[in-house]
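Q: Sequence isn't available, so here's the structure alone:
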């Protein structure tokens, strides 16, 4: 679990701090990242996971969600060891994968982590 594993927190690139219940969330891609090719904004019922980033690792946030009038990171990438990591907050249940934009984002992420 993200809550109890320091090692998983390092891999993910952030420390999980909690989440409110499932609710409708609007997701906003941030322009300029190759992971967003063919990805438009989308809405899902999801848990709005909250994170605290460490100040030691560099990461690039490419997706945010809206919650109570603010935007929070929902997708980011960073280098880890000799590889790359893409973290996506949505995806807690099967309906999360219905929007074509989210499926495209998952595919783009898989391709990106496998590229050199």
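A: Happy to help now that I have it. Because the structure is a prediction, the values reported are computed rather than measured.

Q: Show me the shaky parts of this structure.
A: 1-4 (pLDDT under 70).

Q: Could you point out the longest helix of it?
A: When the chain is parsed with DSSP state H, its longest helix is helix 100-114.

Q: which SS state does residue 66 fall under?
A: For residue 66, the assignment made with DSSP: H, G, I helix; E, B strand; the rest coil gives strand.

Q: show me what contacts the closest residue to it other than its chain neighbours?
A: Once flanking residues are discounted, residue 66 sits nearest to residue 26: 4.7 Å by Cβ to Cβ, 6 or more residues apart in numbering. For glycine as for every other residue, the C-beta is placed from the backbone atoms N, C-alpha and C. Contacts were defined as Cβ atoms under 8 Å, 6 or more residues apart in numbering; by that measure residue 26 touches 41-43, 65-66.

Q: Repeat that for residue 47.
A: Residues in contact with residue 47 (Cβ under 8 Å, 6+ apart) are 19-22, 92.
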